[in-house]
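Trainee: Sequence and predicted model, in that order:
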Amino acid sequence: MSNHALLLMNLGSPKSPKTEDVKPYLKQFLMDPYVVDLPWPIRKLLVSMILIKRPEASAHAYQSIWWSEGSPLVVLSKRLQKMMELHWQHGPVALAMRYGEPSIESVLLGLKKQGVEQVTLAPLYPQFAESTVTTALEEVKRVVKGHGLSFKFKLLAPFYNQPRYLNALVSSAQEVMQQDFDHLLFSFHGVPERHIHKLVKDSQHNLQATHSSQIDQKHIDVCYRTQCLKTAELFAERVGLPDDKWSVSFQSRLGRTKWIEPYTDRHLDELAAKGVKRLLVMSPAFVADCLETLEEIGIRGREQFLAAGGSSFELIPCLNDTPSWVVALNQLCQPEETKPFMIN
Ligand SMILES: C=CC1=C(C)c2cc3[nH]c(cc4nc(cc5[nH]c(cc1n2)c(C)c5CCC(=O)O)C(CCC(=O)O)=C4C)c(C)c3C=C
Ligand SMILES: [Fe+2]
Ligand SMILES: [Fe+2]
């Protein structure tokens, strides 16, 4: 069958690292009710305030990591798409971004024009969060309903604990892990605690746990934080890393609301204060290197850790288009591995 497309979906970047292009991107992103989940008038007010200073600061950050071909996140996602075309046997492989271009709307309309009848949706987020997975799927629903499109959909579920993903992570990290190091930090993108409480309606739910065994597993499908711990534990187990040589923290918080802890910036200081000298960092919430890995960790995190007394800081690249990841993703997306996704 050659009319069954694979649609890779990632977050997206601004068109350029100029302030005037970063501003509309941030506006689209932050006005998304799954990202800033506050009632519309409050969200609008808050986002207007954020949009006064943040576009310039973010543009500056983007300029420090931008490549001649474009945003690393977009360039690397396109490379992955090209590699997936060599493996996916059922039809075209497309790439869409939740914010910016190529939009989910333009890509789905293009697939319809090509005569595609079935689409496997692959949100490229290993751990489930409403601010990433749900919003992408809601956008698919909006486009399908708005344009009266008829596709049969399948969906790649969050793969935070899937051996294929974990093995690909191990292969991609192997080279950097050859060197001597004192500690491996898993720095995941954070979310506000409120996002978790909304889905896990359990006052006993432990948001301070350092290991998933300290948490009631019945909520794991909807608890982003537990899924992050699980990914880190399974990785550490695979590479034989003892518990005192790794930890998890959460980066990229924004605003005054409480985000899930520990915060990466504070944790870097704590690690240095504990005597960790040689640090490795990896960010398994991102399958492609992006602003959050290259700038926040690779530039600012490094400076901070070295200033706090560390002697070496090595950022492990994301999966990007590494051969083992391409093979793993292709397997994870196969028809027998994915579930039907209904639009009602
Ligand atoms: C304000 C709320 C935000 C939530 C919640 C959030 C969740 C979330 N984001 C990612 C992945 C990425 N985020 C990226 C950039 C980014 N994230 C936010 C805000 C929230 N993210 C902002 C405002 C930005 C833009 C840059 C900035 O001004 O800081 C990126 C990088 C994009 C790029 O172009 O490189 C990624 C990737 C996840 C996985 C997640 C929830 C789990
Ligand atoms: Fe983000
Ligand atoms: Fe950030």
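Mentor: Yep, it's here. Predicted model, so just to flag it, every value in this text is computed and none were measured. Numbering: from 1, shown residues only. Ligands and ions are numbered 1, 2, ... in the order given.

Trainee: rest of the way, CA atoms for contacts and neighbours
Mentor: Will do.

Trainee: Specify the local secondary structure of residue 187.
Mentor: Put simply, residue 187 is strand when judged by DSSP: H, G, I helix; E, B strand; the rest coil.

Trainee: How about the contacts made by it?
Mentor: Counting by Cα atoms under 8 Å, 6 or more residues apart in numbering, residue 187 makes contact with 248-251, 264, 281-284.

Trainee: Now the two most distant members of those.
Mentor: By the measure Cα to Cα, 264 and 284 form the most distant pair in these, at 13.8 Å.

Trainee: ok, so what distance separates the residue minimising distance to the centre of the chain from residue 304?
Mentor: Nearest to the mean C-alpha position of the chain, counting by Cα atoms, centre = their mean, stands residue 286 at 3.7 Å. In this view, residue 286 and residue 304 are 21 Å apart by Cα to Cα, to the nearest Å.

Trainee: How about residue 14?
Mentor: 27 Å.

Trainee: Could you do residue 27 as well?
Mentor: According to Cα to Cα, residue 27 and residue 304 sit 29 Å apart.

Trainee: Mind giving me the PyMOL command for buried ones among the contacts of residue 187?
Mentor: PyMOL command restricting the contacts of residue 187 to the buried ones, with burial defined by 16 or more other Cα atoms under 10 Å:
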select buried, resi 248+249+250+251+264+281+282+283+284
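
Trainee: Any chance of a markdown table for the contacts of residue 187, columns secondary structure and distance to ligand 3?
Mentor: Shown next, in a markdown table, are these (DSSP: H, G, I helix; E, B strand; the rest coil; distance: Cα to the ion, whole Å):
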| residue | secondary structure | distance to ligand 3 |
| --- | --- | --- |
| 248 | strand | 17 |
| 249 | strand | 14 |
| 250 | strand | 11 |
| 251 | strand | 7 |
| 264 | helix | 11 |
| 281 | strand | 16 |
| 282 | strand | 15 |
| 283 | coil | 12 |
| 284 | coil | 15 |
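
Trainee: Go through the contacts of residue 187 and say which is closest to residue 36.
Mentor: Nearest to residue 36 out of these is residue 251 (Cα to Cα; 16.6 Å).

Trainee: wait, that closest one sits on residue 192?
Mentor: No: assessed by Cα atoms under 8 Å, residue 251 is found out of contact with residue 192, at 11.0 Å.
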